[in-house]
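Trainee: With the input below, show me the fold.
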Amino acid sequence: MSLSIQILWLFILAIPVACVAWTVTHEEVFREPREFCNKRSKECKTLIERKFFYLFTCEYCFSHYVTAFFLFLTHYKLLLDDWRGYIIAGFALVWIANVYMALFGLIRQGIKKEITEIKIMESNG
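Mentor: Take a look at the predicted model:
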């Protein structure tokens, strides 16, 4: 696969990684399991249990596991055709996916701010 196709794959494959990681760690549809995991990540007695449950509450942490799933599913490798290509692809996908999630978070924050300002103006109007 040419380098330009590998880069294209990188930026496209990071989209579903970001989408899944964000949805599980932020959206309402997964609120109850996330609250359970958040509680367990603080109350479990062993470090391993606390860290396991924390993985489902942190988009950065969870994106590593989502990336591993997508690498297994697609066999995508970056730069090298052996196992090292998977390692490079994994870290690159996590990084790009987290850039996407950060941008999405900023956009959502701006939209929420505008909606709040409009509601305040309408109530004072």
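
Trainee: how about the helices in this structure?
Mentor: Using DSSP state H, the helices assigned to the chain run over residues 3-26, 31-43, 47-54, 59-74, 83-124.

Trainee: Identify the residues contacting the most centrally placed residue in the chain.
Mentor: Nearest to the geometric centre of the chain sits residue 21, at 3.2 Å (CA atoms, centre = their mean). By CB atoms under 8 Å, 6 or more residues apart in numbering, the contact set of residue 21 is 59, 62-63, 66, 97, 101. In this view, the C-beta of every residue, glycine as well, is placed from N, C-alpha and C.

Trainee: how far away is it from residue 43?
Mentor: The gap separating residue 21 from residue 43 is 24 Å, by CB to CB, to the nearest Å.

Trainee: where are the low-confidence patches of the chain?
Mentor: Applying pLDDT under 70 to the chain flags the ranges 125.

Trainee: Distance of the nearest residue to residue 93 once chain neighbours are set aside relative to residue 6?
Mentor: Spatially, and ignoring its direct neighbours in sequence, residue 93 is nearest to residue 67 (4.6 Å; CB to CB, 6 or more residues apart in numbering). Per CB to CB, residue 67 is found 15 Å from residue 6.

Trainee: more neighbours, these two?
Mentor: residue 67 (26 against 17; other CB atoms under 10 Å).

Trainee: How about the contacts made by the residue nearest to residue 93?
Mentor: 17, 90, 93-94, 97.
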